[in-house]
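In: any chance you can model this:
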Amino acid sequence: MIWGIIATLSGFAIGYLFIRAIQSRFFTRMFRTRERLPELAVLIRCQESRFHEVQRILWEYRALSVGWVKA
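Out: Alright, predicted model coming up:
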């Protein structure tokens with residue numbers, strides 16, 4: 001009788017801790033706000049001859065992507 005109660009309480013505690021560990025890892029991975037960088041789009045209008053200089057400067061400041069659209 002006593003072993004059944006001990007096994008029940010142990011199983012409940014282990015299961016509860018296991019579920020809490022999975023939930024905490026899942027939620028911290030999904031809803032990390034401190035480590036996310038803000039997304040920002042910068043549009044620069046310049047002459048075609050100055051594009052390479054602007055591109056070089058953006059890469060120096062670690063831009064994620066640089067593109068060219070001919071207007």
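In: just the pLDDT at residue 33, thanks.
Out: For residue 33, the pLDDT comes out at 56.
In: got the buried residues for the helix or strand hosting residue 51?
Out: Assessed by DSSP states H and E, residue 51 sits inside helix 51-60. Using 16 or more other C-beta atoms under 10 Å as the test for burial, helix 51-60 gives residue 55. In short, each C-beta sits where N, CA and C put it, glycine included.
In: wait, residue 51 sits on residue 70?
Out: No: counting by C-beta atoms under 8 Å, residue 51 does not reach residue 70; the two are 9.9 Å apart.
In: run the chain-centre distance for the helix holding residue 51.
Out: Averaging C-alpha positions (C-alpha atoms, centre = their mean, to the nearest Å) puts helix 51-60 27 Å from its chain's average.
In: how far away is residue 58 from residue 6?
Out: In this view, residue 58 and residue 6 are 65 Å apart by C-beta to C-beta, to the nearest Å.
In: can you list the domain ranges for the protein.
Out: 1-36, 37-71 (automatic domain parsing).
In: which of these comes out lowest on mean pLDDT?
Out: Looking at those, the bottom one is domain 1-36 with a mean of 78.
In: number of nearby residues for residue 50?
Out: Neighbourhood size, residue 50 [other C-beta atoms under 10 Å]: 10.
In: which residues touch it?
Out: Under the criterion of C-beta atoms under 8 Å, 6 or more residues apart in numbering, residue 50 has no contact partners.
In: how about a cut-off of 10 Å?
Out: For residue 50, the contact set (C-beta atoms under 10 Å, 6 or more residues apart in numbering) comprises residue 44.
In: separation between it and residue 59?
Out: Distance from residue 50 to residue 59, by C-beta to C-beta: 15 Å.
In: one more: residue 18?
Out: Separation of residue 18 from residue 59 (C-beta to C-beta) stands at 46 Å.
In: also residue 68?
Out: Distance from residue 68 to residue 59, counting by C-beta to C-beta: 13 Å.
In: alright, I will stop here.
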